[in-house]
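> when you get a sec, could you give me coordinates for this:
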Amino acid sequence: MKPPVLFAAAALAFSSGAALASDAEQLLKEKACLACHTLDKKLVGTPYKAVAARYKSRKDAEAYLSKKIKEGSAGVWGAVPMPPTGTVADDEARTLAKYILTVK
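Down below sits the predicted model:
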């Protein structure tokens with residue numbers, strides 16, 4: 001690959017990542033995810049940093065988290081259950097899961 005092609009590929013990857021972050025951050029606000037979760041500190045729910053660390057090596061991490069976001073969960077992170085969201089569409093759940101898996 002020639003350097004301009006590498007630069008273009010890197011720029012595209014960066015812009016895709018920036019778009020994902022922007023879309024996900026908007027969804028986190030709209031869907032009230034931030035009422036219980038933060039990026040790096042325990043609030044009511046588990047911080048996204050911990051979720052990413054636990055699941056990043058799973059081959060099905062995105063699908064697994066998307067399902068948990070939509071259907072809720074109990075007993076995985078302790079006694080506090082995560083209720084089903086009910087207002088998150090499949091594509092929105094995938095966007096959120098992809099984003100959560102990038103949190104470091």
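> isn't residue 99 right up against residue 19?
No: applying C-beta atoms under 8 Å, one finds residue 99 not in contact with residue 19, separated by 10.6 Å. Using the backbone N, CA and C atoms, a C-beta is placed for each residue, glycine as well.
> and those two? Which one has more around it.
residue 99 (21 against 11; other C-beta atoms under 10 Å).
> tell me the spacing between that one and residue 28.
Relative to residue 28, residue 99 is positioned 8 Å away (C-beta to C-beta, to the nearest Å).
> what does residue 62 give?
16 Å.
> and if you look at residue 58?
For residue 58, the distance to residue 28 - C-beta to C-beta - is 22 Å.
> now do residue 59
25 Å.
> count the neighbours of residue 76 for me.
Applying other C-beta under 10 Å, I find that residue 76 has 11 neighbouring residues.
> now do the phi/psi pair for the residue lying closest to residue 31 once chain neighbours are set aside.
Nearest in space to residue 31, with sequence neighbours left out and distances taken as C-beta to C-beta, 6 or more residues apart in numbering, is residue 88 at 5.6 Å. Reported as degrees, to the nearest 10, the phi and psi values for residue 88 are phi -100, psi 120.
> continuing past the helix or strand bottoming out on mean pLDDT in the chain, what's the next helix or strand?
Using mean pLDDT, DSSP states H and E, helix 3-30 stands out as the lowest-scoring helix or strand of the chain, at a mean of 65. Next along the chain after helix 3-30, taking DSSP states H and E as the criterion, comes helix 48-55.
> what's that following helix in contact with?
With contacts defined as C-beta atoms under 8 Å, 6 or more residues apart in numbering, helix 48-55 is touched by 37-40, 61, 64-65, 100-104.
> residue 65: helix or strand, and which one exactly?
helix 61-71.
> what do you get for residue 99?
Per DSSP H and E: residue 99 is located in helix 90-100.
> got the buried residues for that helix?
92-100 (16 or more other C-beta atoms under 10 Å).
> redo those as JSON lines? Include pLDDT.
Output for those, formatted as JSON lines (pLDDT from 0 to 100):
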{"residue": "92", "pLDDT": "96"}
{"residue": "93", "pLDDT": "96"}
{"residue": "94", "pLDDT": "96"}
{"residue": "95", "pLDDT": "96"}
{"residue": "96", "pLDDT": "96"}
{"residue": "97", "pLDDT": "97"}
{"residue": "98", "pLDDT": "96"}
{"residue": "99", "pLDDT": "95"}
{"residue": "100", "pLDDT": "96"}
